[in-house]
Structure formats: structure tokens, C-alpha cells
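A.B. asks: 3D model of this:
(one chain, ligands or ions: 1)
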Amino acid sequence: MSTASRPTPLLIRPDKETFLNEANPFEAMMSRFDYAAQRLSLDPGLYKVLRSPEKQIIVSVPILRDTGDVEVYTGFRVLYNTSRGPAKGGIRFDMNVTLDEVKALAAWMTWKCAVVNIPFGGSKGGVICDPPTLSNAELERITRRYTSAIIETLGPDSDVPAPDMNTNERMMAWIMDTYSMHKRHTVTSVVTGKPVEMGGSLGRREATGRGCMIVTREALKKLRMPIAGTRVAVQGFGNVGSIAAELMEALGLTVVAVSDKSGAIYNPKGLRIKEVQQHVKEHRFLSEYREAESIGNDELLTIDCDVLVPAALENVITSKNARDVKARIICEGANGPTTANADRILEENGIFVIPDILANAGGVTVSYFEWVQDRGGYFWDEETVNQRLERIMVQSFDEVAAMAGKHASSMRIGAYMQAIERVAAVHRLRGMYA
Ligand code: GLU
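C.D. replies: The predicted structure is shown next:
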């Protein structure tokens, strides 16, 4: 690309002087991207391309409520970059969804797929709605109407959704059905995270949590920390947090605290995760669990432990509480749980952060396996899925650690550099279509 009219890139070191809005996820993503791009001396033309989402769609999603009244929801789908392959990324249903958030999440999907080197670009979708207040039938109508509104971009070769916050296998089945009805034939590979009975992959449900366990184990090895006696606190007890806690306990770690929306529970001797899962199955929330001490949700983040797994929301480790984090390792099960301002504080305090775009990439990795299986029409056993996931996660951890080592940077910046290098390499090879 031409370097003639080279604009000076906005080279932002994530710190408080330059980083204006700590809570804006798109800025949070961009500030790390800018810094990593600067460290790589990325060509300014490519820099401009990689800073811009390819496509942003905003749709109205009108449905009939069960009462017979009409309600109109707003939905988004952002395709951030598709140079390496079809766009890939989940759909979330949440009241806090914004276009900026979806853009950030779509960019993170792009970097995440590149970090684990699977042949996808990145996308994300969301609908502003409040799932606990909606019936199953209403959720089905929203899912189907949203799918039909973005149907031109969807497809196994163009954009492949998956579950994310407040969406699940059931909804992926509705997306697959809606798309297939429009196409007049069944297309399983248009969406991943489906029920196993209809083309889902074994091991997909556990994959994000399993990936978190694998990279945490690798980090402990790297830092020469033992398994026995190492204490873990997990924020979030949904699909990611509860499986990560279960598999970390099975690995031999001591899970001392877990939390959900209703509060957090703490037992310095270790919780029995299977029992906690059973409790949640029966009572929905953790708060009434009596075999452990109740603590505040915020307290969990700064509790005395060795490994902290934020596996719930964005922006939970900020400049306000980062100084109080006592863990030696943070494994980011959620997307964007740490703000860019907090990065600097954690780095100063010598905390080893396994960044989201590596730590939670197990989910999309097995989504890739699901897409491959659907397209091949040949399904693998769970052991094969888990072995292949293990290999990719370990290799990606090592590659990111090597990149961070080479540039004397944090694992986060190492991961961004790895991703940018891979995406940029494809852009250079493909050249500019004009
Ligand atoms: N929503 C998940 C994520 O943020 C999974 C995406 C996928 O499997 O496509 O990584």
C-alpha cells in the first residue's frame, strides 16, 4: 500500500492521559490495537483498513408480544473484517447492547480467530432486549425476525453466528431453521453452538471454559506455580464461568469463590463445584447457597487468591479496583473484562493477564470444528474435539508468550501483535481491490 500520503496514526499508549472514556469498549479495543500496531510499525494504509469495520447493520425487529401488542426491538450485526475467511461471532441479547459495543466485540472476534489461527474473520450481533422479561415464544419471534432482517449477510461462507451473552443452543436452532426455510434446504453450517442432535459439535458447550482451564494451566507452568494449593476465584457462573470452575477443580486447583448476578460465595478451603452447579440448577441463583460465606460481587475481584477468572461482563477490572487485585494471574473468560487503564496498573503490579482474545478463544475454536464437521457431514467423537482444542490452545498460548517475550510486552499486547500480523499478512497478499 502507498505510503505517500502517510497520516500519522493515533498512537495511544493505554494510559489515563490519552484514554478518555474508560467504559467505551470500542475505545478500549482501539487503544490496545493502536499500541500493538505501533510496536509492529504497521503500514499506515493497513492501519487505516484494520481500524475500520467492514459492515455495520442496524435493523428494527418488530414482534407481537404474548399480550397481542406490537413491540419493536433494535438489532445490530457488525462484520469487522473478513480477509481471513467468513465472519464469525456470537449474538447477544441484552439491555446494554450498543453499536459501539458490538463493533468492539466484532473486532475482538477478528483478533481472536487470528490468535488461534482459524480461517475466520470477525463479527458480532446483538439485540437490545431484556430476556428475563420475555417468554420463550417471544424470544423465538425476536430470534427469527432478527435472523430474517440480517439474512443477506448470513451464510456458511459469509457470516456465521453463535451464542453469546443470554443466547443459547435453542436460539441457534431457530436461526438455523429460519435461514434454512429461506434457502429452501437445510443449512446446518450457517450457525454454530447448535444442539448436538442437529449438527452441533460434541464439546462445544464446554469449550470456552475448557480453553480457560488449559491456558491457566499453561500460565501456571510458565510462572512455575504449582497446581496443588493454587486458589481460584471465578466471576460469573454461566456457561463459561461454571465450566471453567468445574474443570479447574478437576485439574487440582482450589476454587475458593464464584459469583453470579445474585452475589458471590466464598470458602477458603475450596467449594465443591458440582454441588454448587446442582444448587444453581435447582434454585437458579447462587445467593441461597448455604455451604459457604456470602461476599459481595465486587469483593470477589479483589479477594485473596492466585488466579482470578472474570467470566461475566465487560469493564469489571478498572482503574478504580485494579490496584486491589491480589491474584497473580488473570484469565479473561469474558470479552473485555479489563479496561485499558487497568492494563497499565496490572502490568506495573506484575500480574500476568491471559487476554480475552486468547483465554476465551476455546469457544470459537470448537465453533470452527462444528462448521468443519457440518460442511464435511462427518462428526468427531468428544475426545477428538477436546484433543484438537487442547493442541490449538497450547500452541496459541506459546505463540503469544513468544511474541510478548520478543517485544518485551504484556501477553495482551503480544496477542494483539500476533493477530494483527496474521490479518495484515493476508491483506498484503490479497492486495487492494479497487
Ligand atoms: N460468543 C463467543 C465468543 O465471544 C463464541 C463465538 C463463536 O463461537 O463464534 O467468543
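
A.B. asks: got the end-to-end distance for stretch 149-167?
C.D. replies: 18 Å (Cα to Cα, to the nearest Å).

A.B. asks: that one and the ligand, any residue contact?
C.D. replies: Yes. Stretch 149-167 is in contact with the ligand by Cβ under 6 Å from any ligand atom, via 162, 164. C-betas here are computed from N, CA, C, even on glycine.

A.B. asks: give the buried residues for that stretch.
C.D. replies: The neighbour-count check on stretch 149-167 (16 or more other Cβ atoms under 10 Å) flags 149-150, 154-156, 158-167 as buried.

A.B. asks: one more: stretch 95-112?
C.D. replies: Those would be 97-112, for stretch 95-112 by 16+ other Cβ under 10 Å.

A.B. asks: how far off centre is it?
C.D. replies: What separates the centre of stretch 95-112 from the centre of its chain is 10 Å, taken as Cα atoms, centre = their mean, to the nearest Å.

A.B. asks: and if you look at stretch 363-373?
C.D. replies: 14 Å.

A.B. asks: measure the residue of the stretch 151-300 of the chain found nearest the ligand to Met176 for me?
C.D. replies: When you check the stretch 151-300 of the chain against the ligand by Cβ to the nearest ligand atom, the closest residue turns out to be Ala162, at 3.2 Å. Computed as Cβ to Cβ, to the nearest Å, the Ala162 to Met176 distance reads 11 Å.

A.B. asks: how about Val394, what does it touch?
C.D. replies: The contact partners of Val394, taken as Cβ atoms under 8 Å, 6 or more residues apart in numbering, are 214, 218.

A.B. asks: ok, and does the helix or strand encompassing it reach over to the ligand?
C.D. replies: Val394 is located in helix 382-406, with elements delineated by DSSP states H and E. No. Against the ligand, helix 382-406 shows no contacts by Cβ under 6 Å from any ligand atom, the least distance being 12.3 Å.

A.B. asks: which of the residues in that helix are buried?
C.D. replies: The neighbour-count check on helix 382-406 (16+ other Cβ under 10 Å) flags 385-386, 388-390, 392-393, 396-397, 399-401, 403-404 as buried.

A.B. asks: give the contact list for the residue of the chain found nearest the ligand.
C.D. replies: Closest to the ligand within the chain is Gly90: 2.8 Å, counting by Cβ to the nearest ligand atom. Shown in contact with Gly90 (Cβ under 8 Å, 6+ apart): 105, 109, 124-125, 161-165, 167, 193.

A.B. asks: lowest pLDDT pick from the residues you listed?
C.D. replies: The lowest pLDDT within the contacts of Gly90 belongs to Met165, which sits at 93.

A.B. asks: find me the pLDDT at Leu11, would you?
C.D. replies: As predicted, Leu11 sits at a pLDDT of 42.

A.B. asks: can you name the residues of the stretch 51-200 of the chain sitting close to the ligand?
C.D. replies: Residues of the stretch 51-200 of the chain lying near the ligand by Cβ under 6 Å from any ligand atom: 88-90, 162, 164, 192-193.

A.B. asks: still on that earlier bit, okay, angle between the helix or strand following the helix holding Val394 and helix 382-406 too, please.
C.D. replies: Next in sequence after helix 382-406, counting helices and strands by DSSP H and E, comes helix 411-430. Per axes from the mean of the first three to the mean of the last three Cα atoms, to 10 degrees, the angle that helix 411-430 makes with helix 382-406 is 100 degrees.

A.B. asks: state the mean pLDDT of helix 411-430.
C.D. replies: Helix 411-430 carries an average pLDDT of 98.

A.B. asks: check which residues of that helix are buried.
C.D. replies: For helix 411-430, burial by neighbour count (16+ other Cβ under 10 Å) applies to 411-420, 422-424, 427.

A.B. asks: grab the nearest non-local neighbour of Pro156.
C.D. replies: Ser189 (4.0 Å; Cβ to Cβ, 6 or more residues apart in numbering).

A.B. asks: what residues are up against the one you found?
C.D. replies: By Cβ under 8 Å, 6+ apart, the contact set of Ser189 is 156, 160, 199, 371, 374-375.

A.B. asks: looks like Ile345 contacts Ala322 (just checking).
C.D. replies: Yes. Taking contacts as Cβ atoms under 8 Å, Ile345 lies within contact range of Ala322: 3.9 Å.

A.B. asks: follow-up on the earlier one: show me the two of the buried residues of helix 411-430 that sit farthest apart.
C.D. replies: Maximum pairwise distance among the buried residues of helix 411-430 (Cβ to Cβ): 24.5 Å, between Met411 and His427.

A.B. asks: nothing else from me, thank you.
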